[in-house]
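Visitor: got a sequence here, can you model it:
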Amino acid sequence: MKNVLITGANKSIGLETARQLLKQGYYVFLGSRDLKNGQDAVEMLNAEGLNEVESVKIDITNQESINNARTEIGRKTEVLDALINNAGMSGGSPQAPSTVDLDVMNLVFDTNFYGAVRVTQAFIDLLEKSKQPRIVNVSSGLGSLTLSSDPNFKYHQFKGGIYGPSKAALNMYTIALAYELREKPFKVNAVDPGFTATDFNNHLGTGNVNVAGARIAKYVLIGEDGPTGKFISEEMNPETGEIPW
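Guide: A predicted model of the protein is given here:
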């Protein structure tokens, strides 16, 4: 049985992604900053007959918490087949670049960018032991410089000085990591789940979590001929999924 760690998986898109991978036969380490919330999510999945899952306390802004999660998971498996860096935060609004609160910006980058880097570095040794390791960095179309510079970009009203830049940084890390691991069987991609109605955006999104979860799970399930080092948004490009950086 393959296994996957999903950060921020106690609700919304992360929880739905866990649900879909459980149905595909994965064992899920359900990462949650608050252990009680994670346990509640596990109980919800158990009630649906999905039992190959356990909650792992992990605060991706805290190195000690990440190290503890690595130790805990390492006691239970020598191999991690997939990592989904899903945990993130928006930073609220407004996010006008000229007046952006640098303390908030630091917090968002610490979560959306540095957090993903911390977790990846902590678990890369377990991933390297997998025959088909997969890393999915959950991104956003707002992190695309090309799309954001288009005057006809449909999400201009959500652009700002915090969230988009944090995802652009994550995208660049995805490119660099995929290149570093190019001679190994890794597939490393940035995936935009789409503008999904969740607590994250006060349910302003137009998509649903089922579709969003499927979009992320798809790039865990890709085979040897699947893409790597790509930026995927099936919402913005339904034909091939790939969008410009």
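
Visitor: need the next SSE after the longest helix seen in the chain, C-terminal direction.
Guide: Longest helix of the chain, by residue count under DSSP state H: helix 163-180. Per DSSP states H and E, helix 163-180 leads on to strand 187-191 as the next helix or strand towards the C-terminus.

Visitor: what's the following helix or strand after that next one?
Guide: Moving toward the C-terminus from strand 187-191, the next helix or strand (DSSP H and E) is helix 209-221.

Visitor: elements contacting that following helix?
Guide: Under the contact criterion of 3 or more CB pairs under 8 Å, 6 or more residues apart in numbering; DSSP states H and E, helix 209-221 touches helix 12-23, strand 82-85, strand 134-138, strand 187-191. For every residue, glycine as well, the C-beta is placed using N, CA and C.

Visitor: at 10 Å instead, please
Guide: Contact analysis of helix 209-221 by 3 or more CB pairs under 10 Å, 6 or more residues apart in numbering; DSSP states H and E lists strand 3-6, helix 12-23, strand 82-85, strand 134-138, strand 187-191, strand 231-232 as its packing neighbours.

Visitor: chain center to the first one, what's the gap?
Guide: Read that as strand 3-6. How far strand 3-6 lies from its chain's middle: 11 Å, per CA atoms, centre = their mean, to the nearest Å.

Visitor: I'd like the numbering to begin with 488 instead of 1 from here.
Guide: Renumbered: residue one is now 488, and that last one reads strand 490-493.

Visitor: how about it as CSV, C-alpha atoms only?
Guide: Output of strand 490-493 as CSV, limited to C-alpha atoms (Å, rounded to 0.1, in the frame of the first residue of the first chain):
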residue,chain,number,x,y,z
ASN,A,490,1.2,6.2,1.5
VAL,A,491,0.9,10.0,1.4
LEU,A,492,1.3,12.9,3.8
ILE,A,493,-1.1,15.8,3.2
